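J.: This is the structure alone, sequence omitted:
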């Protein structure tokens, strides 16, 4: 899988590149600016672009805007956005159009190379990645007459993993159960929460997130 | 800077020109005297008319006779009215005296009794002294200097010693004859008479010259007061010249009419001037009433503009600290230079500058009015000046408070960015390095365990550092704006929060930061105290203000006076000239509303 990396912290970027290379990815390009990233995506047609949010010149939202632009101009290229903070608002802005081939992850997590590699792969295949911090924040609120309380602990776990953007297979691996069991849980969850069942993974993510935000 | 001035005279020497002087009860005698004089004056005029017509057997009035009586009445009536309105001034009695002498000698001239007839001869010249005194002493009713006494000298010499001398020698067949005649000698009498006439003409020329000069050096307003007097001087000059001319040839009647008409007009003009000053005083009176109700800044300006009849008038207040004038809003004002149609009158109170009135140049012609208005308004202006001063200081204070808050925010932003760009990135790099080491340690269980522990420590440190950076400054706000940042805040709250942000564009950073902290603190309070099931956050722009509202459906009863959180927020909002309000009825939820100007 071909990856382009963008981060103006060169040392860190080199480290990430090494991690990805060791995990079997082909890092075809590295750059320090959003502009350069767009250029490299156009010329190298990677499977995934991994980018920091804050980059020159203003060190504010360059990476985010580049990510949205890549998604709209190069729909085949997945984008994984790395951020120093886990901001729900930012995640929602990134996923506003679609969760397909989009990921939002805390930068710290790249160190857990298995998780990181799995996230890059998922985004490269058109799936979604939502940082667990975001999901747990949304799950953490009380609700009056909370339908979430009707979920079993296992269903809750499934819901969390689903909200992170994992596929049924991914959830099954994570929970060490069969995909069939996962599917049964999901059907039950959707019923209990009153959500329309049976959509693709990335649409499912949005539906769950929308429910959790409401 | 042009400063309006009152006519320069010793204040003791000008009784009653400006000051109304209250009418007192013990003036009853004066009032009776005036009533009597009205009758006497009227009677004298009628008497002159009747006696002249009967003695000369004329059936119809001629112009000279009518003008003569009118001139007498004009002096008497004007004098008595002026006396009533200015009982403490001497101008009224003096004018009345001019009128009475004027009519008296004409009455006595018809007498068949020679001492009375002789008195009439003398009074006809005495009138010149009284009239000259009226002219010289105007408008104070007193002769102010030796030079002014000298002006009177030719008239006194001609009328007192020379007239007596003339009477001793002058023999006449008119009426009952000259009672003082001792040595009839026409030549001596003629010569004395010639000297008399020459003296009176000379005196009139000098008097007219001096009064003309006085008029020329006077301020425009004082000129207007002096003009009738100058006219009077011209009349006496022309009249006395006519008596000289009459020696040679009969002067045209029209000249006599001019003199008499002028004598009719002079007292009326003097009275008019007095009454106009009264009108100005009534404007000042109205002003005093308005000032009593402690007018607001705009009302004070309007009241002064009305009293001065100048709608364009502006007020500038003196701020001693900066040695400058400021407008009512506290901003600096430049006083106009003279010559561009505007004039400046400075107002002092207790010897210190208070304010400057910037008004139309033509008002400089009415120094009495301007002087009276500024005197009346000095205290109100001083109050207003103190308030303008206070406003200027408050503005300064508010500005410095805003700058302190902004400096603090800038410093926190810098700290957060340093953490983000430096330490956080470095620690993530270290974590990656440790991870790369770990991948090479597969199998060595003890080292791998130690390394795993170190990596866990590092992960925890990174979490803490992230929290710390977030606490120092909300980077998401600066980088992505209010809507994104408030969405994040709402997600962190432990209860569902409905967020509505209707602000499309970025706002000044200080405003955004204030709104952010307001929502953050508001939601923290909701979570801690409100016992609410839902909360809402609404942010919108309205009339150049950002309106931020945090509401919940909890127990209410929050006390904004307690808890430094809300107090600190109020400080922050007020530093931006905004307002923070809290509604928290017991059992009715809590609503925190801030309005922050953001033009």
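T.: Nice, I can see it. From a predicted model like this one, the values you see are computed outputs, not experimental measurements.
J.: So which residues on chain A come close to chain B?
T.: Within reach of chain B by CB under 8 Å from any CB of the partner chain, chain A has these residues: A:9, A:11-12, A:15-16, A:18-19, A:22, A:53-54, A:59-61, A:64, A:84-85, A:87-90, A:92-93, A:107-108, A:110-113, A:134, A:137-138, A:140-144, A:213-214. The C-beta positions use only the backbone N, C-alpha and C, and glycine is treated the same way.
J.: Wait, a strand at residue B:184?
T.: No: read with DSSP: H, G, I helix; E, B strand; the rest coil, residue B:184 is coil and lies in no strand.
J.: Neighbours of it, how many?
T.: 13 (other CB atoms under 10 Å in any protein chain shown).
J.: Report the contact partners of it.
T.: Counting by CB atoms under 8 Å, 6 or more residues apart in numbering or on different chains, residue B:184 makes contact with B:169, B:170, B:171.
J.: PyMOL command to pick out the buried ones of these?
T.: Buried residues among the contacts of residue B:184 (16 or more other CB atoms under 10 Å in any protein chain shown), as a PyMOL selection:
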select buried, chain B and resi 169+170
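J.: Among the contacts of residue B:184, which lie within helices?
T.: Of the contacts of residue B:184, the ones assigned to helices by DSSP state H are residue B:169.
J.: okay, the contacts of residue B:184 in a markdown table with distance to residue A:98 and pLDDT next?
T.: As requested, the contacts of residue B:184 are exported to a markdown table (distance: CB to CB, whole Å; pLDDT from 0 to 100):
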| residue | distance to residue A:98 | pLDDT |
| --- | --- | --- |
| B:169 | 135 | 87 |
| B:170 | 132 | 84 |
| B:171 | 138 | 83 |
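J.: Between the contacts of residue B:184, which sits nearest residue B:211?
T.: Sorting the contacts of residue B:184 by how near they are to residue B:211, with CB to CB, puts residue B:170 at the top with 32.1 Å.
J.: quick one: the closest one from residue B:158, how far?
T.: From residue B:170 across to residue B:158, the span is 14 Å (CB to CB, to the nearest Å).
J.: what's the next secondary structure element after the helix or strand containing residue B:371?
T.: For residue B:371, the element it lies in under DSSP states H and E is helix B:367-418. Once the chain leaves helix B:367-418, the next helix or strand it forms, by DSSP H and E, is helix B:425-440.
J.: which parts of stretch B:476-484 are buried?
T.: By 16+ other CB under 10 Å, the buried positions in stretch B:476-484 come out as B:476, B:477, B:478, B:479, B:480, B:481, B:482, B:483, B:484.
J.: where does residue 97 land on pLDDT?
T.: As the question left the chain open, I've gone with chain A. With respect to pLDDT, residue A:97 scores 83.
J.: meant chain B actually
T.: The predicted local confidence for residue B:97 is 92.
J.: hang on, it in a helix?
T.: Yes: secondary structure of residue B:97 (three-state DSSP): part of a helix.
J.: That one against residue B:130, yeah?
T.: Yes: the criterion here is CB atoms under 8 Å, and residue B:97 meets it with residue B:130 at 5.6 Å.
J.: before we move on, back to that, between the contacts of residue B:184, which is closest to chain A?
T.: Top of the list for closeness to chain A, among the contacts of residue B:184 and by CB to the nearest CB, is residue B:170 at 115.5 Å.
J.: Flag the helix or strand of chain A with the lowest per-element mean pLDDT.
T.: Least confident helix or strand, chain A: helix A:201-213 with a mean of 82, by mean pLDDT, DSSP states H and E.
J.: Would you list the phi and psi of the residue lying closest to residue A:55 once chain neighbours are set aside?
T.: Closest residue to residue A:55 apart from its sequence neighbours, by CB to CB, 6 or more residues apart in numbering or on different chains: residue A:62 at 4.4 Å. Note on residue A:62: backbone dihedrals following degrees, to the nearest 10 are phi -50, psi -50.
J.: mind listing the strands in chain A by residue range?
T.: Along chain A, the segments classed as strands by DSSP state E run A:2-6, A:26-31, A:48-52, A:78-83, A:102-106, A:128-130.
J.: Columns mean neighbour count and mean pLDDT on top of those strands, output as a markdown table?
T.: Output for the strands of chain A, formatted as a markdown table (neighbours: other CB atoms under 10 Å in any protein chain shown; pLDDT from 0 to 100):
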| stretch | mean neighbour count | mean pLDDT |
| --- | --- | --- |
| strand A:2-6 | 24 | 96 |
| strand A:26-31 | 18 | 96 |
| strand A:48-52 | 28 | 96 |
| strand A:78-83 | 26 | 94 |
| strand A:102-106 | 26 | 95 |
| strand A:128-130 | 28 | 93 |
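J.: nearest to residue B:351, of those strands?
T.: Among the strands of chain A, the nearest to residue B:351 by CB to CB is strand A:78-83 (69.2 Å).
J.: picking up where we left off before, and of the buried residues of stretch B:476-484, the nearest to residue B:164?
T.: Closest approach between those and residue B:164, by CB to CB: residue B:482, at 106.6 Å.
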